[in-house]
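# Here is my input, please return the structure:
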Amino acid sequence: MPLRARWDAQFALAVLAAVLTTALTAVSFWLSFEALHDLATAHRLHGERAWAWPATVDAFIAIGELLILRASLAHRVDWAAITLTSVGSVGSIALNVAGVGVSHDPLDYVTAAVPPVAALLAFGVLMRQVHDYLVSRQPVVTAPPIPVIAPGPAVQESLEREEPKAVEETVPEPEDEPVVTEEPEPVAEPEEPLTQRDRIDAIVRGLYDSLGQRRPATRHMRDALADAGLPNSDGTCREARKRVETEEPHLRDLPDALAA
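Modelled structure (predicted):
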């Protein structure tokens, strides 16, 4: 399959997965809200207050997941966000199950517990998809230039004393020459930053040369991507190697390198 067609298929699948995950998240939260609304109605809350009360429980799940996403993009762990998500999830599950009351059928409790559990998992999957998309759109980070510190007055004065005085020479007056108009040099357009996918492919392609013209194993690619701070699952490594060998088919005929 051509690289362009494969990329279009992957993009379509990603969009479909995002749509289905969003729909699952909405349905799960709605079912959880319904159960908590019935529980609130049975305990002296009616009308708008009965519908607003479930938000005091389920909203913690959404807030905690969003804070976890922000911390993940910043490459750190937010224990407060994890605690918030856990408390909201456990509270929602417990209240949904408690709303069943006394029942001799265990499936009644299972049915009550499924919506809050599904809401937690579906929203987590949705945030994971958002994380992957945002990371793939981040440009390559380059190191900032190192500032040059000017020498102090004492050092500058010492350098000036060490410089030899220029010897004055008699320079003949230049003859009149025709004026030549220099053409302006073309301005090079700035290169677009590499996407995460391009960086992964470049690292995998370099392994063929660093391994002595051999096909890298999954272990080689995973270690190289991990050192670069990039996604390094087995599926990511294999897909990158397929893209590289599609661009350069002769690489498929190279002998396999042994994984250390």
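# For the stretch 1-150 of the chain, give me the ranges with low pLDDT.
Per-residue confidence for the stretch 1-150 of the chain (pLDDT under 70) gives these ranges: 1-7, 138-150.
# I'd assumed residue 53 was in contact with residue 33.
No - applying CB atoms under 8 Å, one finds residue 33 not in contact with residue 53, separated by 9.4 Å. C-beta: built from backbone N, CA, C; applies to glycine.
# so who does residue 123 touch?
25, 28-29, 61-62, 65 (CB atoms under 8 Å, 6 or more residues apart in numbering).
# Check the offset of stretch 16-33 from the chain's centre.
22 Å (CA atoms, centre = their mean, to the nearest Å).
# who are the neighbours in contact with residue 70?
78, 81.
# how near is it to residue 107?
38 Å (CB to CB, to the nearest Å).
# Repeat that for residue 207.
From residue 207 to residue 107 the distance is 53 Å (CB to CB).
# In terms of neighbours, single out the busier of the two.
residue 207 (21 against 8; other CB atoms under 10 Å).
# Chain neighbours aside, what residue packs nearest to the more buried one?
residue 216 (3.9 Å; CB to CB, 6 or more residues apart in numbering).
# Give the other helices and strands that the longest helix seen in the chain contacts.
What stands out as the longest helix in the chain, according to DSSP state H, is helix 3-41. With contacts taken as 3 or more CB pairs under 8 Å, 6 or more residues apart in numbering; DSSP states H and E, helix 3-41 sits against helix 48-52, helix 55-73, helix 79-98, helix 106-136, helix 234-247.
# Among those, which comes closest to residue 19?
Residue 19 lies closest to helix 106-136 among the helices and strands packed on helix 3-41, at 10.4 Å (CB to CB).
# I'd like to know how far the nearest residue to residue 32 once chain neighbours are set aside sits from residue 90.
Leaving aside its chain neighbours, residue 32 sits nearest to residue 115 (4.3 Å; criterion: CB to CB, 6+ apart). For residue 115, the distance to residue 90 equals 14 Å [CB to CB].
# In terms of neighbours, single out the busier of those two.
Neighbours were counted for residue 115 and for residue 90 using other CB under 10 Å; residue 115 has more, 23 against 13.
# My read is that residue 228 contacts residue 206, right?
No - with contacts counted by CB under 8 Å, residue 228 stays clear of residue 206, the gap being 10.6 Å.
# dump the residue contacts of the residue nearest to residue 39 when sequence neighbours are not counted.
Excluding its sequence neighbours, the residue lying closest to residue 39 (CB to CB, 6+ apart) is residue 99, at 4.0 Å. Residue 99 is in contact with 35-36, 38-39, 42, 112, counting by CB under 8 Å, 6+ apart.
# and those residues, which are buried?
35-36, 39, 112 (16 or more other CB atoms under 10 Å).
# Count residues in the vicinity of the residue nearest to residue 18 when sequence neighbours are not counted, would you?
Nearest in space to residue 18, with sequence neighbours left out and distances taken as CB to CB, 6+ apart, is residue 129 at 5.4 Å. Residue 129: 15 surrounding residues under other CB under 10 Å.
# mind checking how far residue 129 is from residue 25?
From residue 129 to residue 25 the distance is 11 Å (CB to CB).
# repeat for residue 241
The value you get for residue 241 to residue 25, if CB to CB is used, is 34 Å.
# Same question for residue 44.
30 Å.
# what about those two, which has more around it?
residue 25 (22 against 8).
# My guess is that one contacts residue 116. True?
No - with contact defined as CB under 8 Å, residue 25 does not count as touching residue 116 (12.0 Å).
# Contacts only, for the residue nearest to residue 32.
28-29, 31-32, 35, 96.
# what's the residue closest to the geometric middle of the protein?
In the chain, the centroid-proximal residue (CA atoms, centre = their mean) is residue 135; its distance is 2.5 Å.
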